[in-house]
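S.K.: Fold the following for me, if possible:
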Amino acid sequence: MSLPLTRVQLVFVPDCVNVSLRFGDPVAVHDIDAQRRVADFAPGSVFCRVEWQANRYGTTRWVLMVMQAAAPDESMSQVVGVQPGAHILLRGSGQTRVMELLGLIDRLEASGMPPAHVAVDYWRLVQHHIAARQPLPIYTTARHEAAQRREMLR
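M.R.: So this is what the prediction gives:
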């Protein structure tokens, strides 16, 4: 029996559209053609997809989503380009917000914590802080270690 995978479509058309992964550990990546790829994720995997679109007048869309691949028996959100869907942990749109979230991801990586292995609850907490217009919370090494210990107990 094969593992049910979440398939994420990725696209790159120079000066027009870029849908890419910022982080995540796909089990496989398949090239469709020169502009399109798909990445497959196992259930429970956390990944970040960044969308950027432009026209001749400039950038028209910035969206960053941190998602968790779901198992087939779980309810999940429908996301364009993500089949069959995923749990949306964090969503930011607009250039300012996306740049702020990319900075947060950069800081996580600089501190030695891979964003794909950060606690799922932290991404939800960041989403709540965005909704409440509060400063983004800091993810500490102690919080990371506690989350890892909690996962080992499950």
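
S.K.: Which stretches in this structure count as strands?
M.R.: For the chain, the strands defined by DSSP state E cover 6-13, 17-23, 28-31, 36-41, 46-55, 58-69, 77-79, 82-93.

S.K.: Flag the shaky bits of the chain, pLDDT-wise.
M.R.: Across the chain, the ranges flagged by pLDDT under 70 are 1-2.

S.K.: Nearest to the spatial middle of it, which residue is it?
M.R.: Central residue of the chain (CA atoms, centre = their mean): residue 48, 1.7 Å from the mean position.

S.K.: Pull stretch 83-103 out as PDB, backbone CA atoms only.
M.R.: Extracted as PDB, the C-alpha positions of stretch 83-103 are listed here (Å, rounded to 0.1, in the frame of the first residue of the first chain):
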ATOM      1  CA  GLN A  83      -4.200  18.300  -4.000                       C
ATOM      2  CA  PRO A  84      -6.200  17.000  -2.300                       C
ATOM      3  CA  GLY A  85      -5.800  19.900   0.200                       C
ATOM      4  CA  ALA A  86      -3.900  20.700   3.400                       C
ATOM      5  CA  HIS A  87      -4.200  22.300   6.900                       C
ATOM      6  CA  ILE A  88      -3.500  26.000   6.600                       C
ATOM      7  CA  LEU A  89      -1.400  26.900   9.600                       C
ATOM      8  CA  LEU A  90      -0.400  30.400   8.500                       C
ATOM      9  CA  ARG A  91      -1.400  32.700   5.600                       C
ATOM     10  CA  GLY A  92       0.000  36.100   4.900                       C
ATOM     11  CA  SER A  93      -0.700  38.300   1.900                       C
ATOM     12  CA  GLY A  94       0.700  41.600   0.500                       C
ATOM     13  CA  GLN A  95       4.300  42.400   0.000                       C
ATOM     14  CA  THR A  96       4.900  43.900   3.500                       C
ATOM     15  CA  ARG A  97       3.400  40.900   5.400                       C
ATOM     16  CA  VAL A  98       5.100  38.300   3.200                       C
ATOM     17  CA  MET A  99       8.500  40.000   3.600                       C
ATOM     18  CA  GLU A 100       7.900  40.100   7.400                       C
ATOM     19  CA  LEU A 101       7.100  36.400   7.400                       C
ATOM     20  CA  LEU A 102      10.100  35.600   5.200                       C
ATOM     21  CA  GLY A 103      12.300  37.500   7.700                       C
END
